[in-house]
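> For reference, the sequence and a predicted model appear below.
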Amino acid sequence: MASPTNNCIKRTLELAASMLRLADEGDAAREDVGCGVLYGVLRDSAYRLQQLAEAEREAHLRKNRWED
């Protein structure tokens, strides 16, 4: 069973993926510039969360503290 910390990292990666899908859907449906800004910020935030969570996963892997 994965540790609570690893579960949170996995959930963060899932959240980032969901945010990216929503940003794509929002961009496809947007009707004005304001929406474009909103979905751009959402996409940027998702990439940043993804980057941080992946770095944490790698740190846990290096310390042999990551279970799949």
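Right, received. Where do you want to start? What you see is a predicted model; the values in this text were computed from it and never measured.

> how far away is Ala17 from Gly36?
Ala17 sits 21 Å away from Gly36, taking CB to CB, to the nearest Å as the criterion. Every C-beta, even on glycine, is put in place using the N, C-alpha and C of the backbone.

> do Lys63 as well
From Lys63 to Gly36 the distance is 41 Å (CB to CB).

> Looking at the two, which is more packed in?
Gly36 (13 against 8; other CB atoms under 10 Å).

> Looking at this structure, which helix is longest?
helix 33-62 (DSSP state H).

> Do me a favour and average the pLDDT over that helix.
Averaged across helix 33-62, the pLDDT comes to 97.

> Okay, buried residues for it please.
Residues of helix 33-62 classed as buried by neighbour count (16 or more other CB atoms under 10 Å): Tyr39, Leu42, Arg43, Ala46, Leu49, Gln50, Ala53, Glu56, Arg57, His60.

> Pull the number of nearby residues for the nearest residue to Cys35 once chain neighbours are set aside.
Nearest-residue entry for Cys35: Gly26, 6.4 Å, with adjacent residues in sequence omitted and distances by CB to CB, 6 or more residues apart in numbering. Residues contacting Gly26 under the criterion other CB under 10 Å number 16.

> angle of the one helix or strand Gly26 maps to against helix 33-62?
Assessed by DSSP states H and E, Gly26 sits inside helix 4-29. Between helix 4-29 and helix 33-62, the angle comes out at 150 degrees (axes from the mean of the first three to the mean of the last three CA atoms, to 10 degrees).

> Name the residues of helix 4-29 that are buried.
Going by neighbour count (16+ other CB under 10 Å), the buried part of helix 4-29 is Asn6, Ile9, Thr12, Leu13, Ala16, Met19, Leu20, Ala23, Gly26.

> Output the contacting helices and strands for that helix.
Counting contacts by 3 or more CB pairs under 8 Å, 6 or more residues apart in numbering; DSSP states H and E, helix 4-29 packs against helix 33-62.

> show me what contacts the residue nearest the centre of the chain?
In the chain, the centroid-proximal residue (CA atoms, centre = their mean) is Ala16; its distance is 1.8 Å. The contact partners of Ala16, by CB atoms under 8 Å, 6 or more residues apart in numbering, come to Ala46, Tyr47, Leu49, Gln50, Ala53.
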